[in-house]
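1. what follows is a protein structure lacking sequence information:
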């Protein structure tokens with residue numbers, strides 16, 4: 001083994017000549033390292049995509065439970081017709097995707113067709129990336145509004161009370 005090179009452009013550099021057995025070990029270590037790094041990247045990407053907008057899962061459950069009511073809400077909320085709603089719904093995977101197409105179109109002042117183009121080309125990258133590509137800046141009020149939630153369903157699922165009482169009982 002030659003551990004120290006004493007002449008040439010890399011004077012003083014350490015050089016190791018590995019035996020065939022050591023080469024196999026080195027190759028296996030590099031392979032394991034690449035697999036581990038790939039798994040970490042994949043895991044991080046999956047977690048990032050899942051956490052894109054946390055409210056989307058519940059939104060889909062509600063919309064899928066009442067598809068006709070969902071379409072009526074879309075029409076009312078975005079002032080659009082059945083043809084546009086059906087066109088978008090037939091080109092997205094989930095109801096929340098249709099809502100996001102219309103919402104991002106509204107926020108970016110872009111037509112739904114433009115948002116659909118971004119949706120198709122940026123599929124799998126997350127709604128945050130699509131919003132950025134439409135000009136909605138990550139730190140903007142609009143972007144934070146998207147992260148916080150939707151404005152479509154009432155998100156307060158706390159009991160159905162009567163009025164705006166602060167919980168104080170009657171005084172006798």
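-> Yep, it's here. From a predicted model like this one, the values you see are computed outputs, not experimental measurements. Residues are numbered from 1 along each chain as shown.
2. Provide the secondary structure category for residue 138.
-> At residue 138 the chain is in coil, as set by DSSP: H, G, I helix; E, B strand; the rest coil.
3. is it in contact with residue 132, as I believe?
-> Yes. With the criterion set as C-beta atoms under 8 Å, residue 138 and residue 132 qualify as a contacting pair; they are 6.3 Å apart. Glycine gets a C-beta too; all of them are placed from N, C-alpha and C.
4. which of the two has more neighbours?
-> Applying other C-beta atoms under 10 Å to residue 138 and residue 132 shows that residue 132 carries more neighbours, namely 16 against 11.
5. check which helix or strand covers that one.
-> Element membership of residue 132 [criterion: DSSP states H and E] is helix 127-133.
6. what sits up against that helix?
-> Helix 127-133 is contacted by residues 52-53, 56, 100, 104, 107-108, 115, 118-119, 122, 138, 142-143, 146-147 when judged by C-beta atoms under 8 Å, 6 or more residues apart in numbering.
7. I'd like the next helix or strand past it.
-> Helices and strands here follow DSSP H and E; after helix 127-133, the next one along the chain is helix 141-148.
8. burial count for residue 56?
-> Residue neighbour count, defined by other C-beta under 10 Å, stands at 19 for residue 56.
9. ok, it touching residue 96?
-> Yes. Between residue 56 and residue 96 a contact is recorded at 4.5 Å, counting by C-beta under 8 Å.
10. now name the helix or strand holding the closest residue to residue 88 other than its chain neighbours.
-> Nearest non-adjacent residue to residue 88, counting by C-beta to C-beta, 6 or more residues apart in numbering: residue 98, 4.8 Å away. With elements taken from DSSP H and E, the one containing residue 98 is helix 95-108.
11. next, the buried residues of that helix.
-> For helix 95-108, the buried set under the neighbour-count rule, 16 or more other C-beta atoms under 10 Å, comprises 95-105, 107-108.
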